[in-house]
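Novice: Give me a 3D structure for the following:
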Amino acid sequence: MDKITGKNNELIKDIKRLMSSSQKRKDKKLFVLEGARLSFDILNSFYEVDTFLITQTAYDKYTDLANMMFEKSERGYIISDEVSQKLSETKNSQGVYAVCRMKDDDFVLDKNGKYIILDNVQDPGNVGTIIRTAEALGISAAFVSSGCDIYNPKVLRASMGSVLRLNVIRYGDAADCVKELKQNGIKVYSTSPNSDALDITNVSFTEGCACVIGNEANGVQDSVIALSDATVKIRMLGNAESLNASVAGAITMWEMLR
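Specialist: Next up is the predicted model:
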């Protein structure tokens, strides 16, 4: 197998750009996984691997999995520790990287499914954690509109690989997503702190439905609320004015599925 030892190699520069630039990822339709767990998770997903890179030390540790990745990838390289450190976005690099192709956003709706919609959620930790929780609880799919790029390395790490396994569909605008869901018989509820919103514990989520989690600072857009069947709130007994988006998402999804 080929080796890359120089950190100024053009392929390495291109991969580093993919890791740091959402626009570059969008243009190339590629994203990068870093770390053994995330990279090897791709073996059990529907994503295709363009390039696989691993240090000799990591190869010796994960030989069987690495060989499977080399077989799955169009290109594969053994890289030096110096190259790995240049690519790494973590303190202690594991020396394993996979450049993968983005999937199409085609998805067949289940009229009885339970969905979560992220309306311009900006923080990659929140986006990744909500997607991870959605997979854990059995949500049918997550729709992500605007906000943070789902292929941001921080989202991928926070999701612990759930982005690779859960159906995550990107939308330019949450209002368009809500319209499509409603056209397919899915009820949509927007989360809101307003006093006139329904207490989420009193809502029956027995049919196909979706809940919208809004932007960290501004909440759900007015245009999305106007299209929703109702607004729901998480009742709080303490003095805090609001919940972190990922916490609100977890509570909301739990109520949808209980």
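Novice: which residues sit in contact with the residue lying closest to residue 158 once chain neighbours are set aside?
Specialist: Closest residue to residue 158 apart from its sequence neighbours, by Cβ to Cβ, 6 or more residues apart in numbering: residue 128 at 2.6 Å. Using the backbone N, CA and C atoms, a C-beta is placed for each residue, glycine as well. Shown in contact with residue 128 (Cβ atoms under 8 Å, 6 or more residues apart in numbering): 154-160, 162-163.
Novice: The helix or strand hosting residue 128: what's the following helix or strand?
Specialist: Using DSSP states H and E, residue 128 sits within helix 124-137. Going down the chain from helix 124-137, the next helix or strand is strand 141-145, by DSSP H and E.
Novice: Can you name every helix or strand that that next one contacts?
Specialist: strand 114-119, helix 124-137, strand 168-171, helix 174-183 (3 or more Cβ pairs under 8 Å, 6 or more residues apart in numbering; DSSP states H and E).
Novice: In its sheet, which strands sit next to it, and in what direction?
Specialist: strand 114-119 (parallel), strand 168-171 (parallel) (DSSP bridges).
Novice: Out of the ones you listed, indicate the one that is most buried.
Specialist: strand 114-119 (a mean of 26; mean count of other Cβ atoms under 10 Å).
Novice: which residues are contacting that one?
Specialist: So strand 114-119 is contacted by 127, 130, 134, 138-147, 174, 177-178, 181, 186, 188, 205, 208-215, 220-221, 224, 249, 252-253, 256-257 (Cβ under 8 Å, 6+ apart).
Novice: List the buried residues of the helix holding residue 128.
Specialist: Buried residues in helix 124-137, counted by 16 or more other Cβ atoms under 10 Å: 124-135.
Novice: Stretch 235-247 too?
Specialist: Across stretch 235-247, burial judged by 16+ other Cβ under 10 Å covers 243, 245-246.
Novice: Can I get these in a markdown table including secondary structure and distance to residue 228?
Specialist: Shown next, in a markdown table, are these (DSSP: H, G, I helix; E, B strand; the rest coil; distance: Cβ to Cβ, whole Å):
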| residue | secondary structure | distance to residue 228 |
| --- | --- | --- |
| 243 | coil | 19 |
| 245 | helix | 17 |
| 246 | helix | 21 |
